[in-house]
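Visitor: Could you work out the structure for the sequence below:
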Amino acid sequence: MKKIFALIAFVTLASSASFAQTANLNITLTDVLSFSVTQPAALTVNFDNETKYSNGITALATDHISVVSSKGYVVKAIAGTITGTAALTPGSVKLTSTIGTTNAGNTAGITYGSAVTLPASGGTAATIVTATSSSWSGANSTNKFNVSYLIGENGAYAGKATGVNVIPVVYTVTQP
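Guide: Numbers count the residues shown, from 1 in each chain. Below is the predicted model:
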């Protein structure tokens, strides 16, 4: 009986041979960077009373900027070509960024700009967001940012020609 059991054990071990081979899985990582800027209705403001001319108007654009980046990034702003009869200056606009209302992206390592003066076209763009890490937070890839615009404080627009004027804000995002 012992011989039969030993023979069965030997046959079982001999028939369960295993082999191993290696297959390489080549993975190439490249930098990902994209962003978008929404145009909310809140960015149309009317200077129609003394308080607004004296204090300026704050317009909040929620979830205004969306960024997807596989590593740290910087969001900058500069004025575009200003139109209108009042000859407004970009320096009359200040930007403050905060984390977006519906943000679900990574918030670690983000620095926000506060009361950053909008530079004139042709100048050096002002930094309004600096992130040292990727925008990914698990499966969510997008960081969203609110931007608060303080427009025309301290009587900056008093005495200017009336009418519609536009100060375009040109945003850029780069990876350092």
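Visitor: need the contact list for residue 137.
Guide: Going by C-beta atoms under 8 Å, 6 or more residues apart in numbering, residue 137 touches 104-107. Bear in mind the C-beta positions are built from the backbone N, C-alpha and C, glycine included.
Visitor: which other residues reach whichever strand in the chain runs longest?
Guide: For the chain, the strand that runs over the most residues, judged by DSSP state E, is strand 57-69. With contact meaning C-beta under 8 Å, 6+ apart, strand 57-69 is reached by 31-38, 40, 42-43, 45, 47, 73, 75, 97, 100-103, 105, 129, 131, 134-135, 141-152, 171, 173, 175.
Visitor: one more time with 7 Å
Guide: For strand 57-69, contacts defined as C-beta atoms under 7 Å, 6 or more residues apart in numbering pick out 32-38, 40, 42-43, 45, 47, 73, 75, 100-102, 134-135, 141-152, 171, 173, 175.
Visitor: Restricted to strands, list these.
Guide: 33-37, 73, 75, 142-151, 171, 173.
Visitor: coming back round to it: name every strand pairing with the longest strand of the chain and say which way it goes.
Guide: Strand 57-69 sits in its sheet next to strand 33-37 (antiparallel), strand 142-151 (antiparallel), going by DSSP bridges.
Visitor: are any of the contacts of strand 57-69 buried, and which?
Guide: Buried members of the contacts of strand 57-69, counted by 16 or more other C-beta atoms under 10 Å: 35, 37, 43, 47, 73, 75, 100, 134-135, 141-152, 171, 173.
Visitor: which residues in the chain form helices?
Guide: Using DSSP state H, the helices of the chain run over residues 2-15, 50-55.
Visitor: buried set for the shortest one?
Guide: By that I understand helix 50-55. Residues of helix 50-55 classed as buried by neighbour count (16+ other C-beta under 10 Å): 52-53.
Visitor: Show the average pLDDT along it.
Guide: Averaged over helix 50-55, pLDDT sits at 96.
Visitor: which outside residues touch it?
Guide: 47, 153, 155, 157-158.
Visitor: Spatially central residue for the protein, please.
Guide: Nearest to the mean C-alpha position of the chain, by C-alpha atoms, centre = their mean, lies residue 67 at 3.5 Å.
Visitor: Can you give me the separation between it and residue 135?
Guide: 6 Å (C-beta to C-beta, to the nearest Å).
Visitor: Residue 168 too?
Guide: Counting by C-beta to C-beta, the gap from residue 168 to residue 135 is 25 Å.
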